[in-house]
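1. Here's my sequence, what's the structure:
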Amino acid sequence: MILVLKRGTTREKVEELRTWIEATYGVIASPIFGSDTTVVGLIGDTSAIEMPALEMQENVERVMKVSEPFKRANRKFHPDDSLVRIGSLTAGGQQILVAAGPCSVESEDQVCGIAKAVSAAGAGMLRGGAFKPRTSPYAFQGLRAEGLMYMKKAKGHTGLPVVSEITNPSQIELFNEFVDVVQVGARNMQNFELLKELGRLRKPILLKRGFSNTVEELLMSAEYVMNGGNPDVILCERGIRTFETSTRNTLDISAIPVIKRLSHLPVFVDPSHAGGAAWLVEPLAKAAIAAGADGLIIEVHNDPKHALSDGQQSLTPDQFTALMERLRPVAEAVGRTL
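-> Take a look at the predicted model:
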């Protein structure tokens, strides 16, 4: 349930209304102050609340029921786009952010060299895997804590904020120390115990959509993090599993405007995992920008043929530099910057 307040309602009056609602009905009343409108979202069991009683309140313009199960992630609760701060960067603003780097951190020299190259090309963040949830137990599982330390050293050389994937709640302390944006991978999108713990963290969470999950399920996973107290969630479309076999996954381009309509959270796209081939990264990245994506996650490796994971979908630093140049006109065409 959402209360849209009258224009000019002071913060003092909003606080009075919030206190009264919570004391009277036993629900959480969450005010959101937008550029033009202030709304109060009611979270909890609202079945016993009579709408006329709320509509009679002095500063209430109208009351609306919310049919969707996600509340805090719902655009009805938060009409303005959310902006997520990542150091000096802002996800969800006019600038389209690009996180680039290797699928797996393999050595200090490797990740530091790639970080310098992608930074020079215009990337705003460094992505890299230290804990790798692989399909095969015999595949490279990552350098773990050592990999995170190498990424922090790369940040020291370039200033790029670090994005890396967490796989277990026991890793939170490490990630809190070494990582700027905590990524939840597709396999863990519905690891609800992990999501609850990340709700207590005071770092941005990059939440990837699962292989076979709906947009609503993605938003419900975001709800777990936000309900825990962390509002800084970035959603990521990385391709879903369909009957098509010519690509690794099928990039759901329609998910971008659908999510934008339903939610206020920023949306990133991972064209590397979606296509599964280096030659597909450029067209998918262009399509993502045109559809309204707020950011891209692109895999870059200094020697893709000998990469320990996902070399076939990784660009070389030179290819990434050329790609960034070709993406800038697309961003400008839709009123954005890169």
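2. contacts, neighbours, all on C-alpha from now
-> Fine.
3. Show me the strands in the chain, by range?
-> Along the chain, the segments classed as strands by DSSP state E run 2-5, 28-33, 38-43, 60-64, 84-86, 89-91, 97-101, 125-127, 162-166, 181-184, 205-208, 233-237, 267-269, 295-299.
4. Name the strands paired with the first one and say parallel or antiparallel.
-> Partner strands and pairing direction for strand 2-5 (DSSP bridges) are strand 38-43 (antiparallel), strand 60-64 (antiparallel).
5. Give me the buried positions along the last one.
-> Taking 16 or more other CA atoms under 10 Å as the neighbour-count basis, strand 60-64 is seen to contain the buried residues Val60, Arg62, Val63.
6. Give me the mean pLDDT for that strand.
-> Taken as a whole, strand 60-64 carries a mean pLDDT of 92.
7. got a list of contacts for that strand?
-> Met1, Ile2, Leu3, Val4, Leu5, Lys6, Met51, Leu54, Glu55 (CA atoms under 8 Å, 6 or more residues apart in numbering).
8. Domain ranges for this protein, per the record?
-> 2-64, 84-333 (automatic domain parsing).
9. contacting residues around stretch 320-327?
-> In this structure, residues lying in contact with stretch 320-327 by CA under 8 Å, 6+ apart are Val118, Ala121, Gly122, Glu282, Ala285, Lys286, Val300, Leu338.
10. So which of the residues you listed are in helices?
-> Val118, Ala121, Glu282, Ala285, Lys286 (DSSP state H).
11. among those residues, who's most crowded?
-> Val118 (26 neighbours; other CA atoms under 10 Å).
12. I figured it was touching Pro317, is that so?
-> Yes. Counting by CA atoms under 8 Å, Val118 touches Pro317, with 6.6 Å between them.
13. Pull the number of nearby residues for the residue nearest to Gln95 when sequence neighbours are not counted.
-> Nearest non-adjacent residue to Gln95, counting by CA to CA, 6 or more residues apart in numbering: Thr337, 4.7 Å away. Residues within reach of Thr337, counting by other CA under 10 Å, total 16.
14. what's the answer for Ser170, then?
-> Ser170: 11 neighbours (other CA under 10 Å).
15. Likewise for the one 5 residues further on?
-> Residues contacting Phe175 under the criterion other CA under 10 Å number 22.
16. Excluding chain neighbours, give the residue nearest to it in space.
-> In space, Phe175 is closest to Val182, 7.1 Å off (CA to CA, 6+ apart).
17. could you pull out the helices for this structure?
-> Going by DSSP H, the chain shows helices at 11-25, 51-55, 108-121, 145-158, 172-178, 192-198, 215-227, 255-262, 271-275, 278-291, 317-333.
18. Show me what the fourth one is packed against.
-> To tie it back to what came earlier, the one meant is helix 145-158. helix 108-121, strand 162-166, helix 172-178 (3 or more CA pairs under 8 Å, 6 or more residues apart in numbering; DSSP states H and E).
19. cool, the first one as well?
-> The criterion is 3+ CA pairs under 8 Å, 6+ apart, and the helices and strands that helix 11-25 contacts are strand 28-33.
20. what's the angle from the strand it packs on to helix 11-25?
-> Interaxial angle, strand 28-33 versus helix 11-25 (axes from the mean of the first three to the mean of the last three CA atoms, to 10 degrees): 160 degrees.
21. circling back: could the strands of the chain be laid out in TSV, adding distance to Gly156?
-> Shown next, in TSV, are the strands of the chain (distance: least, CA to CA, whole Å):
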stretch	distance to Gly156
strand 2-5	45
strand 28-33	37
strand 38-43	41
strand 60-64	49
strand 84-86	16
strand 89-91	17
strand 97-101	15
strand 125-127	11
strand 162-166	10
strand 181-184	16
strand 205-208	22
strand 233-237	24
strand 267-269	25
strand 295-299	20
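22. and Thr214, which of these is closest to it?
-> strand 233-237 (10.7 Å; CA to CA).
23. Please compute how far that closest one lies from its chain's middle.
-> Its chain's C-alpha centre and that of strand 233-237 lie 3 Å apart, by CA atoms, centre = their mean, to the nearest Å.
24. can you check stretch 156-173 too?
-> Worked out by CA atoms, centre = their mean, stretch 156-173 lies 14 Å from the chain centre.
25. what residue is smack in the middle of this protein?
-> Against the mean C-alpha coordinate of the chain, by CA atoms, centre = their mean, the closest residue is Ile234 at 1.9 Å.
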